[in-house]
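> Sequence plus predicted model, see below.
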Amino acid sequence: MAMAAVSPRGIFVSPETSLPTGRVHVSVKARKLLTANSARAFGLLCVATFSKSRRLPHCSCKAGRALAPHRSVQIDQDGRHWEAAVSRIGPRLPETIKSIDEAWRTGAGLLRVACFEASSITQIAVAGENLCFGTGSGRIRVVDIRSGARVGEYFIGSHLPSAVTALHFSHNMVIAGDSAGGLYAWRSEFPGSWGYTPAPDLTFVAVGHRAHNGAIAGLLCFGDLLISCGGNSVCLWHLEKEDLHGYTHKGTADFKSPPLCLSKAESDAVYLGLEDGSVWKFECSDMSKSSVLPPSEAGAVTAVAYQSGTLVVGYQNGEVKILRNSKPHTAEAFHRGRVRHLQFLPRHKASETLFLSAACDGRVCAWSDSGTALWGIRGLRSGLGKRAEDSDLDRLPLDNVSLAADSERLFFSGLVVNPVTPGNTVFESDWRQSRSNHNEVAPACEGVLCMDMAR
């Protein structure tokens, strides 16, 4: 097991043996900003370096125990303390890594912090050297992967903020759906940290003033076709031009049970996972649908992914099924909560197909195509406090670890610093709640971690 902890001493990574493999040191510098009404903000500067030869100071290291960083040192004169921890789980890392394929199979990537956000990160997506993420406050940001600097920022412009629940990001557009059923699109113009895009270039409307009568649960965009699911329906949209000059609503298909996730299939078809535990195939050309899997005792289907004849399905109870040649089999037990994200990795030459999963139990896992759990990450954010009136939150990806990957890097959110500090309400309050009377001595923030397999 490897341990990573953000504290005044830094981020440490080492196996569960008496010989640590390395150290990732993070220096954190916090400053208070002005407070207006119930809004709170702060800045973090994080610089990470890695050294294979340096030993871990102020840590006790014994076989069978996790490393414990020293926790008695304050980060500044105000007594603020910044701390979070994640752990790698899996077989012992090999001494040398010969290829990217081997790094993916063993989880032997270089772990670092890509960026921080003073809010809850609900969705992430990657394109090239830029990382896009949506937050629980409705803000959408794009940052440079290498430096963490903000290069783009997008606002919906509503006075009632809604959490971003679905996100599509490419080199020419950003499309986001929120918990209120809104669907918006912006051109991927990156003005840098000095500017932002205040209003969407397109606002999709199908029901009243919204795209769906429920929260947007999933988005897919390929070519000039955009597919969204939310409420009890699936909507098809035709984008007139790549520069987002207009759109056409092609039609809406209704389902008896709400669709919670979708994945690209062959041609212009998609797979849909429904709340009743069934999986359907939806043809966009004629809007026909056919059953793939019947309702399951494992609960709602909360994630699906498809590649080259293999369909992977994630359920509400954490179960993962693999469907190949119309024959489903259950993968090894790993997750203990709703599987909220599944993604296949791009194939390398002569390599085995791998896929990734993330769940609301605060775990990320890398799988072989046979359903064997190869390695994982644990200790990430496992949920937000829910209120009685938020019954729809059970269907929304607000309490999950967001996941994105390309051929060489894995990105995942859930690195939360100071999530339960007394008086800290950043992750637990919204516009309906009054400001806490306590002093916020250590504001919460969430970071996106990057595991670089190319090292």
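Arrived safely.
> lowest-pLDDT helix or strand in this protein?
The weakest-scoring helix or strand in the chain, judged by mean pLDDT, DSSP states H and E, is strand 42-51 (a mean of 29).
> For T106, give me phi and psi.
Dihedral pair for T106: phi -110, psi -10, per degrees, to the nearest 10.
> from memory it sits against L93, does it?
Yes: in terms of C-beta atoms under 8 Å, T106 counts as a neighbour of L93; the distance is 6.0 Å. C-beta here means a position set from N, CA and C on the backbone, and glycine is covered the same way.
> Burial check on the closest residue to Q316 other than its chain neighbours, number of neighbours?
Excluding its sequence neighbours, the residue lying closest to Q316 (C-beta to C-beta, 6 or more residues apart in numbering) is G299, at 3.1 Å. Using other C-beta atoms under 10 Å, the number of residues around G299 comes to 16.
> same check, this time on H209
10.
> if I look at it, how far off is G230?
Noted for H209: a distance of 14 Å to G230, by C-beta to C-beta, to the nearest Å.
> again, but for S119
22 Å.
> These two: which is more packed in?
Under the neighbour definition other C-beta under 10 Å, S119 and G230 were set side by side, and G230 has more, 32 against 21.
> tell me the contacts of the more buried one?
177, 181, 211-218, 259 (C-beta atoms under 8 Å, 6 or more residues apart in numbering).
> what's the pLDDT at it?
Here, the pLDDT recorded for G230 equals 93.
> what's the nearest residue to it once chain neighbours are set aside in contact with, if anything?
Leaving aside its chain neighbours, G230 sits nearest to H212 (3.2 Å; criterion: C-beta to C-beta, 6+ apart). H212 makes contacts with 177, 181, 183, 206, 228-231, 233, 235, as judged by C-beta under 8 Å, 6+ apart.
> Could you do D361 as well?
By C-beta under 8 Å, 6+ apart, the contact list for D361 reads 318, 335-337, 382.
> which of the residues you listed has the most neighbours?
H335 (25 neighbours).
> now that one: how far from Q316?
Distance check for H335 against Q316: by C-beta to C-beta, it reads 10 Å.
> Now do the helices in the stretch 51-200 of the chain.
According to DSSP state H, counting those that start in this stretch, the stretch 51-200 of the chain carries its helices in the segments 100-106.
> that older thread, ok, now which ones touch the residue nearest to Q316?
Residues counted as contacts of G299 (C-beta under 8 Å, 6+ apart) are 277, 315-317.
> pLDDT wise, what is it at?
93.
> for the one 5 residues further on, same thing?
Looking at V304, its pLDDT stands at 97.
> how far away is it from F355?
From V304 to F355 the distance is 11 Å (C-beta to C-beta).
> Name the residues of the helix or strand that F282 is a member of that are buried.
For F282, the host element (DSSP states H and E) is strand 279-283. Within strand 279-283, the residues scored as buried using 16 or more other C-beta atoms under 10 Å are 279-282.
> Mind putting these into JSON lines with distance to L202?
Shown next, in JSON lines, are the buried residues of strand 279-283 (distance: C-beta to C-beta, whole Å):
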{"residue": "V279", "distance to L202": "30"}
{"residue": "W280", "distance to L202": "28"}
{"residue": "K281", "distance to L202": "28"}
{"residue": "F282", "distance to L202": "23"}
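> Which two among the residues you listed are spaced furthest apart?
V279 and F282 (10.5 Å; C-beta to C-beta).
> Now do the shared contacts for those two.
Joint contacts of V279 and F282 (C-beta under 8 Å, 6+ apart) are 271-272.
> just for the stretch 251-400 of the chain, where's the confidence low?
The model of the stretch 251-400 of the chain has pLDDT under 70 over residues 347-351, 382-400.
> mind listing the strands for it?
For the stretch 251-400 of the chain, applying DSSP state E, counting those that start in this stretch gives strands covering 259-264, 269-274, 279-283, 288-293, 301-307, 310-315, 320-324, 327-330, 339-344, 354-359, 363-368, 373-378.
> Report all helices and strands that the third one contacts.
Packed against strand 279-283, as judged by 3 or more C-beta pairs under 8 Å, 6 or more residues apart in numbering; DSSP states H and E, are the following elements: strand 269-274, strand 288-293.
> Equivalent analysis for the fourth one, please.
Using 3+ C-beta pairs under 8 Å, 6+ apart as the contact criterion, the elements in contact with strand 288-293 are strand 279-283, strand 320-324.
> any chance of these in TSV, with distance to A253 too?
Below are these laid out as TSV (distance: least, C-beta to C-beta, whole Å):
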stretch	distance to A253
strand 279-283	7
strand 320-324	22
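> Let me see the contact set for the closest residue to S285 other than its chain neighbours.
Distance criterion C-beta to C-beta, 6+ apart; nearest residue to S285, sequence neighbours excluded, is D268 at 5.6 Å. Residues in contact with D268 (C-beta under 8 Å, 6+ apart) are 222, 225, 283-285.
> residues of the helix or strand containing K250 that come out buried?
K250 belongs to strand 247-254 when elements are defined using DSSP H and E. For strand 247-254, burial by neighbour count (16+ other C-beta under 10 Å) applies to 247, 252-253.
> Just give me the closest of those residues to M451.
When those are compared for distance to M451 (C-beta to C-beta), Y247 comes out closest, at 36.6 Å.
> Which pLDDT value does the model give the closest one?
92.
> Then P200?
Listed pLDDT for P200 reads 88.
> Excluding covalently adjacent residues, which one is nearest to it?
Y184 (3.8 Å).
> For the one you found, the count of nearby residues, please.
Using other C-beta under 10 Å, the number of residues around Y184 comes to 25.
> same question, the one 3 residues further on
The number of residues packed near R187 is 17, by other C-beta under 10 Å.
> Begin at 54, not 1, for the rest of this chat.
In the new count, where the first residue is 54, that last one comes out as R240.
> I'd guessed it sits against A252; true?
No: in this structure R240 lies outside contact range of A252 using C-beta under 8 Å: 11.7 Å.
> Not counting its neighbours along the chain, what's nearest F308?
Distance criterion C-beta to C-beta, 6+ apart; nearest residue to F308, sequence neighbours excluded, is N285 at 5.6 Å.
> what sits against S349?
Counting by C-beta under 8 Å, 6+ apart, S349 touches 330-331, 368.
> Out of the residues you listed, which comes closest to R199?
Nearest to R199, judged by C-beta to C-beta, of the contacts of S349 is Y368 at 36.6 Å.
> Is that closest one in contact with R389, as I believe?
No: taking C-beta under 8 Å as the definition, Y368 is not a contact partner of R389, at 12.0 Å.
> Surely W428 is in contact with S140?
No: using C-beta under 8 Å, W428 is not in contact with S140, being 11.2 Å away.
> Pull up the gap between the nearest residue to H388 once chain neighbours are set aside and G330, please.
Among residues not flanking H388 along the chain, G371 sits closest, at 3.5 Å (C-beta to C-beta, 6+ apart). Applying C-beta to C-beta, the value for G371 to G330 is 14 Å.
> Pull out the buried residues from stretch 341-359.
Buried residues in stretch 341-359, counted by 16+ other C-beta under 10 Å: 342, 345-346, 348-349, 351-359.
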